[in-house]
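*Asks:* A structural model of the following input is requested.
(chains A and B, ligands or ions: 2)
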Amino acid sequence: MAGYDVIFHFLGTGLIEVIRLVPICVVLSLIAGALIGIVQTVRIPVVNQLISVYLVFMRGVPPLLLLLVVFFVAGFESARLSAVFTLSIYHAAYIAEIFRGGIQAIPLGQFEAADTLALRFHRKMIDVIIPQVWRAILPALTGQYIILIKDTALVSAIGVMEILYNARQAMQVVYKPILIYAIVGLLFYILCFSLERLSAYFERHLQTMQGVQ
Amino acid sequence: MNTIVEFDRVTKRFGDNVVIDDLSVPFYEGETHVVCGRSGAGKSTLIRCINFLETIEEGCIRFKGTVVDKKNVRSIRKRVAMVFQNFNLFPHLSVIDNLTLGPVRSLGIPRREAEDQAMHFLKQVGLEDKRQAHPYQLSGGQKQRVAIVRSLAMKPDLILFDEPTSALDPEMIGEVLEVMKKLSLDGRSMIVVTHEMGFAREAADRISFMSDGKLVETQAPKAFFSNPLHDSTRQFLSQIL
Ligand SMILES: Nc1ncnc2c1ncn2[C@@H]1O[C@H](COP(=O)(O)OP(=O)(O)OP(=O)(O)O)[C@@H](O)[C@H]1O
Ligand SMILES: [Mg+2]
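*Replies:* Ligands and ions are numbered 1, 2, ... in the order given. Below you'll find the predicted structure:
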């Protein structure tokens, strides 16, 4: 059956592209989101208003539109770079909110105990607050990254050759849309499921490390 | 006697609520100064102003001559420790890491040295076998003893206690008060907000009664209990004893 190796070749290429995109976006959006979330809890007048504008904007715009606008306006060297940037800043907005909520849920006494020990702000965050935030926000983070994985299907709109793009290519050679889309769905499912398993592993790990509180 | 903390016409408000009202009072080095008073009298606020957890509206607080303000806050917090009603141990850290965090990160003491130091104090409160435990594995009394050791590990010039036994089951109050009495005998400077009048009688050098934003009465324990000058103190004592 000549058709199948064509299908697997194309979809495999697409899958590899997604696997290359997602971790970079995860790391970038996590760093940006954590920083923005932390800054938000400090309440610096002008900075906070700028952040609010950014958050409202990101949450009010469809990601596909954002991809297209950034691609045509920002002039990145490659479509892939443009896609990584867009997905990262888009999801960073949601992750910032997750972090802000997580930090605000930490009892005031923890901040005060850290202050009383004369810790500087960054040490208070790194040593006391953020380690406690992780466990509470891990499920929400996982949910957000599952959406990120699914959002990679959009980047074919600017010519990044992810799974869906390759599916269409494969169909030009072997016209089996139902089979091909079924495999596409399965691949996404496997990606998301793996992420959930990974997250569950981390959650258990954090629990044994930190104990029940 | 040297003054360690001096309130100089201090006023603190929360909105319209005047919690500390034009208060001037010295606290002395090497003394255990107990502050008591009714709920809402402003006792917690009073001691929280000393390490800048609260900011004051008027007047001035000096710690060993240094004005307590935003500029000096870190240098003051390095020398003033605090023990909270709810312990506020760091739940994600082991006991030993709770104890070394401040010394290592704030005071810049090498980790090994900080650990040795912490173990020394931990032995004094009888918890050396808990060094690797996490706070959730400790009883309330043990948690508070660890919290006291955490404050000692900062080698403070002054320790503030905010109702350190109020969150404890009755059978655990004794073990915490024992530790505090020892510290008091060692001649440490302590300001203790507490309702434990037994402790005050035995360990305090002076006792203040706080009411209406003022320390209306400050006396040595004997006089405080046998011959309170102020009506509100007398009333308070008759209710609590
Ligand atoms: N963060 C705050 N915002 C507004 N009001 C506050 C705040 N903290 C304390 N107050 C008010 O200040 C007054 C004094 O409170 P404080 O906690 O100092 O009293 P306290 O003597 O420690 O009482 P307790 O024995 O119940 O601990 C109270 O009327 C309280 O409602
Ligand atoms: Mg209080």
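
*Asks:* Any residue of the lengthiest helix in chain A touching chain B?
*Replies:* The residue-count maximum for a helix in chain A (DSSP state H) belongs to helix A:2-42. No: against chain B, helix A:2-42 shows no contacts by C-beta under 8 Å from any C-beta of the partner chain, the least distance being 14.8 Å. Quick note: C-beta positions are derived from backbone N, CA and C, even for glycine.

*Asks:* That helix: what's the following helix or strand?
*Replies:* Note on helix A:2-42: by DSSP states H and E, the next helix or strand toward the C-terminus is helix A:45-60.

*Asks:* how distant is the longest helix of chain A from the center of its chain?
*Replies:* Here helix A:2-42 is found 7 Å from its chain centre; the criterion is C-alpha atoms, centre = their mean, to the nearest Å.

*Asks:* With stretch B:81-89 instead?
*Replies:* 9 Å.

*Asks:* can you pull the contacts of B:Pro26?
*Replies:* Residues near B:Pro26 by C-beta atoms under 8 Å, 6 or more residues apart in numbering or on different chains: B:Thr3, B:Val5, B:Glu6, B:Phe7.

*Asks:* Now the residue nearest to A:Leu30 when sequence neighbours are not counted: which helix or strand?
*Replies:* Counting by C-beta to C-beta, 6 or more residues apart in numbering or on different chains, A:Leu30 lies nearest to A:Ile95, which is 6.3 Å off, once chain neighbours are set aside. Using DSSP H and E, the element containing A:Ile95 is helix A:79-104.

*Asks:* Let me know the distance separating the residue of chain B most remote from its centre from ligand 1.
*Replies:* Here the centre of chain B is the reference, and by C-alpha atoms, centre = their mean the most remote residue is B:Arg112, at 27.6 Å. Separation of B:Arg112 from ligand 1 (C-beta to the nearest ligand atom, to the nearest Å) stands at 39 Å.

*Asks:* And that residue, how close does it get to B:Val125?
*Replies:* Applying C-beta to C-beta, to the nearest Å, the value for B:Arg112 to B:Val125 is 21 Å.

*Asks:* How about B:Val67?
*Replies:* Counting by C-beta to C-beta - B:Val67 and B:Val125 are separated by 34 Å.

*Asks:* Counting neighbours, go ahead and name the busier of those two.
*Replies:* It is B:Val125, of B:Val67 and B:Val125, that has more neighbours when counted by other C-beta atoms under 10 Å in any protein chain shown, with 21 against 12.

*Asks:* Surely the more buried one and B:Arg150 touch.
*Replies:* No: using C-beta atoms under 8 Å, B:Val125 makes no contact with B:Arg150, being 10.9 Å away.

*Asks:* if we can go back for a sec, which one of the contacts of B:Pro26 has the most neighbours?
*Replies:* B:Val5 (24 neighbours).

*Asks:* show me the contacts for that residue.
*Replies:* Taking C-beta under 8 Å, 6+ apart as the test, what B:Val5 contacts is B:Pro26, B:Phe27, B:Ile50, B:Ile61, B:Arg62, B:Phe63, B:Leu158, B:Ile191.

*Asks:* quick one: contacts for residue 147?
*Replies:* Because you didn't say which chain, this covers chain A. Taking C-beta under 8 Å, 6+ apart as the definition, contacts of A:Ile147 comprise A:His91, A:Tyr94.

*Asks:* that's the other chain; I wanted chain B
*Replies:* Here B:Ala147 is in contact with B:Val83, B:Phe84, B:Phe87, B:Asn88, B:Leu89, B:Pro164 (criterion: C-beta under 8 Å, 6+ apart).

*Asks:* Contact residues of chain B facing ligand 1?
*Replies:* Selection of chain B residues close to ligand 1 by C-beta under 6 Å from any ligand atom yields B:Phe14, B:Asn17, B:Val19, B:Gly37, B:Ser39, B:Gly40, B:Ala41, B:Gly42, B:Lys43, B:Ser44, B:Thr45.

*Asks:* Which ChimeraX command selects the buried ones in these?
*Replies:* Buried residues within these, by 16 or more other C-beta atoms under 10 Å in any protein chain shown, are selected in ChimeraX with:
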select /B:19,37,41,42,43,44,45
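
*Asks:* need the residues of chain B next to ligand 1 in a markdown table with distance to B:Phe225, pLDDT and secondary structure, can you?
*Replies:* Shown next, in a markdown table, are the residues of chain B next to ligand 1 (distance: C-beta to C-beta, whole Å; pLDDT from 0 to 100; DSSP: H, G, I helix; E, B strand; the rest coil):
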| residue | distance to B:Phe225 | pLDDT | secondary structure |
| --- | --- | --- | --- |
| B:Phe14 | 32 | 97 | strand |
| B:Asn17 | 31 | 96 | strand |
| B:Val19 | 26 | 97 | strand |
| B:Gly37 | 15 | 96 | strand |
| B:Ser39 | 21 | 94 | coil |
| B:Gly40 | 23 | 94 | coil |
| B:Ala41 | 19 | 96 | coil |
| B:Gly42 | 22 | 96 | coil |
| B:Lys43 | 18 | 98 | helix |
| B:Ser44 | 23 | 98 | helix |
| B:Thr45 | 25 | 98 | helix |
